[in-house]
Every structure is written in structure tokens, then in C-alpha cells.
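S.K.: for reference, the sequence and a predicted model appear below.
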Amino acid sequence: MFPFVSPLGIVARLDLRFHGWIRSRKLSPRVAAALKRYVRIGDGWIWPVAALRVLVAGPLLFGESLAENARAAALALAAGVAALVVYEIVKHTAKRKRPSDEIPGDVAEVPPLDKYGFPSGHVMNNMAVALALAVRFPALGGAIALLALSWGILRVYFGVHYLSDVVGGAVLAALVALPFFLLNL
């Protein structure tokens with residue numbers, strides 16, 4: 001009846017379709033430059049700074065004790081480190097090329113941090129931190145999750161990732177963050 005269609009073939013077609021659609025949307029040079037600076041915040045350097053702020057300002061902002069905030073910050077950072085380890089293993093196993101390496105004429109508009117595209121490390125690492133924090137600080141975890149997704153979509157927009165790299169990063173982040181989430185209960 002129906003010819004066999006591989007799930008990876010379907011994902012590849014959806015990736016190319018979404019990639020073409022989002023890359024055809026043009027922003028003003030000023031907005032694009034601002035978004036390029038914004039997306040660089042997700043490079044990972046922000047989490048030690050954020051952990052220190054949660055630790056110090058947490059009792060005032062969230063009403064938790066210093067010890068509870070220290071534990072939450074430590075678990076979030078541990079989730080980020082665990083995500084980074086899994087990310088490195090998966091990325092160097094999958095070895096998926098980036099759009100700019102596969103699509104003729106496509107150029108990455110922000111510098112990739114490494115060679116391969118799957119999974120998106122910006123999404124995976126930041127989402128793992130967000131999910132680990134979400135139990136203790138729901139508003140903060142939700143805000144970080146939105147940041148991670150926005151960084152991921154922007155990295156598709158700027159030609160560094162496919163949509164499935166972003167979705168895969170989010171799914172892997174959830175799997176990696178689950179034990180840290182549960183420890184934060």
C-alpha cells in the first residue's frame with residue numbers, strides 16, 4: 001500500500017523545509033546584530049554567574065535559605081556538567097553535519113562552537129540547567145527554558161543548526177536533568 005518511508009528521511013525533509021522557511025525570513029541588520037549578541041549568551045559562561053546570583057540573592061528573591069539555594073545551584077550546575085558530558089558523547093557519535101556544511105550556499109551567521117550539529121549544545125546544556133532549577137524555582141526554570149529554546153531557534157535562523165538538533169537537544173536535556181530534578185524535590 002504505502003512505500004516504506006524511513007523516520008530519519010521524514011525528519012531530514014522536515015528539517016530542510018523548516019530551515020528554508022526560517023532562513024528566508026529577513027531581519028533588519030540592526031535586529032540581526034542584536035540577536036547575534038543575544039544568542040552568544042547561551043554559550044555556557046552565564047551559568048556560574050547565574051548560580052552565584054541564585055546563591056546570594058536567592059534568599060531575598062525566592063524566600064529560601066542559603067543552604068537550600070546552594071543545593072539547588074549545585075544540582076543545576078551538576079545537571080549542566082552532566083549534559084555537557086552526554087552532549088560530547090552524542091555529538092561525536094552522531095557526527096551530523098551542520099546546515100552550512102551540507103546546503104550549498106548556506107553560511108553560518110554565528111560561529112559554531114564545534115564541528116557537528118546534533119544535538120544543539122545551547123539547548124541541551126541550558127535546558128538541563130533550567131529543568132534542574134524548575135522544581136526549586138519554577139519561574140526561574142521556566143524563564144531559562146524559554147531562553148534555551150529561543151537560543152536554539154535563533155541558531156537555526158542563523159544557519160548553525162537544523163530544527164531536529166534543537167528538539168534533540170531538548171529531549172536529551174530532559175533525560176539528563178531528570179535525576180537532578182528529582183534530587184531537587
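M.R.: Arrived safely.
S.K.: please report phi then psi for Gly44.
M.R.: Dihedral pair for Gly44: phi 110, psi -20, per degrees, to the nearest 10.
S.K.: for burial, what's the neighbour tally of it?
M.R.: By other CB atoms under 10 Å, 15 other residues sit near Gly44. In short, each C-beta sits where N, CA and C put it, glycine included.
S.K.: surely it is in contact with Asn125?
M.R.: Yes. Contact status for Gly44 versus Asn125: in contact at 5.9 Å, counting by CB atoms under 8 Å.
S.K.: element containing Thr117, please.
M.R.: I think there's a mix-up here, since residue 117 is Gly and not Thr. In the assignment (DSSP states H and E), Gly117 maps to no helix and no strand.
S.K.: over to Ala34?
M.R.: Taking DSSP H and E as the definition, Ala34 sits inside helix 29-40.
S.K.: quick one: the helices in the chain?
M.R.: Assigned by DSSP state H, the chain shows helices spanning 7-23, 29-40, 46-62, 66-94, 99-102, 121-134, 138-157, 163-183.
S.K.: and these as CSV, adding mean pLDDT and mean neighbour count?
M.R.: Putting these into CSV (pLDDT from 0 to 100; neighbours: other CB atoms under 10 Å) gives the following:
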stretch, mean pLDDT, mean neighbour count
helix 7-23, 85, 13
helix 29-40, 90, 13
helix 46-62, 65, 15
helix 66-94, 85, 18
helix 99-102, 88, 17
helix 121-134, 83, 29
helix 138-157, 83, 19
helix 163-183, 88, 21
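S.K.: now those as a markdown table including distance to Ala108?
M.R.: Shown next, in a markdown table, are the helices of the chain (distance: least, CB to CB, whole Å):
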| stretch | distance to Ala108 |
| --- | --- |
| helix 7-23 | 11 |
| helix 29-40 | 11 |
| helix 46-62 | 21 |
| helix 66-94 | 16 |
| helix 99-102 | 4 |
| helix 121-134 | 13 |
| helix 138-157 | 9 |
| helix 163-183 | 13 |
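S.K.: Glu109: which of those helices is closest?
M.R.: In terms of CB to CB, the element of the helices of the chain nearest to Glu109 is helix 29-40, at 6.9 Å.
S.K.: what angle do that closest one and helix 138-157 make?
M.R.: Interaxial angle of helix 29-40 relative to helix 138-157 (axes from the mean of the first three to the mean of the last three CA atoms, to 10 degrees): 120 degrees.
S.K.: still on that earlier bit, may I have the helix holding Ala34 exported as PDB, CA atoms only?
M.R.: Output of helix 29-40 as PDB, limited to C-alpha atoms (Å, rounded to 0.1, in the frame of the first residue of the first chain):
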ATOM      1  CA  PRO A  29      20.700  44.400  10.100                       C
ATOM      2  CA  ARG A  30      20.400  46.100  13.500                       C
ATOM      3  CA  VAL A  31      17.900  43.500  14.800                       C
ATOM      4  CA  ALA A  32      20.100  40.600  13.400                       C
ATOM      5  CA  ALA A  33      23.200  42.100  15.100                       C
ATOM      6  CA  ALA A  34      21.400  42.400  18.400                       C
ATOM      7  CA  LEU A  35      20.100  38.800  18.200                       C
ATOM      8  CA  LYS A  36      23.600  37.500  17.300                       C
ATOM      9  CA  ARG A  37      24.900  39.100  20.600                       C
ATOM     10  CA  TYR A  38      21.900  37.700  22.400                       C
ATOM     11  CA  VAL A  39      22.400  34.100  21.200                       C
ATOM     12  CA  ARG A  40      26.100  34.200  22.400                       C
END
